[in-house]
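>>> need coordinates for the following:
(chains A and B)
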Amino acid sequence: DGGITQSPKYLFRKEGQNVTLSCEQNLNHDAMYWYRQDPGQGLRLIYYSQIVNDFQKGDIAEGYSVSREKKESFPLTVTSAQKNPTAFYLCASSWDTSPNYGYTFGSGTRLTVV
Amino acid sequence: ILNVEQSPQSLHVQEGDSTNFTCSFPSSNFYALHWYRWETAKSPEALFVMTLNGDEKKKGRISATLNTKEGYSYLYIKGSQPEDSATYLCAFPYDKVIFGPGTSLSVIP
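Numbering: from 1, shown residues only, chains lettered A, B, ... in the order given. Here you go, the predicted model:
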């Protein structure tokens, strides 16, 4: 079955460390996205990518970095510059960034700074 | 700053009751409106992508309507079941997709 796989499900990070969250899709979708959810808030866009080797900042990109070397993969690195990284992170994909296509989501990674 | 609002924030209904909730979005520059269902410990799942004013979509007991002129969409659930318990998100594609904060539905058996 096609879908999006995020790993790990839970991740603990020490202060000052960089961590990378994995997102892989086998849906042949061109567009991929990273969202962050904080308690009581809606999903906020971190980064998105329309095609391989191209990505754009979302609303809250500071302290994060991404790469899109393969169509299937869109890893998110949470750097030490991100002051409040504890959150739930969701990866999504769609055929392209046209508004007529809905998203397919992964199951998320919960990141906690310890 | 564009805002997408959903109401109510949460609601509790008895099994068998029908219910509805609202998504409000900017009525200018409309492209589409998405609805998602997000069950606890699962991935959000796309329910509907609505593009035309007056659109009505249906999936089983769930249906949605769209009014682009006044900037709102209603999601209806007929005869709620415990498995309908979830957070329902609407999303408004503009420059980027803007998600509403969601409506959390609990269906009490």
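
>>> can we go C-alpha only for contacts and neighbour counts from here?
Noted.

>>> any stretches of chain B with poor pLDDT?
By pLDDT under 70, the weakly predicted segments of chain B are B:1.

>>> now do the contacts for the residue of chain B found nearest chain A.
For chain B, the nearest residue to chain A under the criterion C-alpha to the nearest C-alpha is B:Pro101, separated by 4.0 Å. With contacts taken as C-alpha atoms under 8 Å, 6 or more residues apart in numbering or on different chains, B:Pro101 has the following neighbours: A:40-43, B:4-6, B:9, B:89.

>>> surely it is within a helix?
No. Using DSSP: H, G, I helix; E, B strand; the rest coil, the secondary structure at B:Pro101 is coil, not a helix.

>>> what about the strands in chain B?
Residue ranges of the strands in chain B, as given by DSSP state E, are B:5-7, B:10-14, B:19-24, B:33-38, B:45-50, B:56-59, B:62-67, B:72-77, B:86-93, B:97-99, B:103-108.

>>> follow-up on the earlier one: report the buried members of the contacts of B:Pro101.
Among the contacts of B:Pro101, those classed as buried by 16 or more other C-alpha atoms under 10 Å in any protein chain shown are A:42-43, B:4-6, B:9, B:89.

>>> now whatever residue of chain A ends up closest to chain B: closest residue in space that isn't a chain neighbour?
Sorted by distance to chain B under C-alpha to the nearest C-alpha, the residues of chain A start with A:Gly42, at 4.0 Å. Counting by C-alpha to C-alpha, 6 or more residues apart in numbering or on different chains, the nearest residue to A:Gly42 once its immediate chain neighbours are dropped is B:Pro101, at 4.0 Å.
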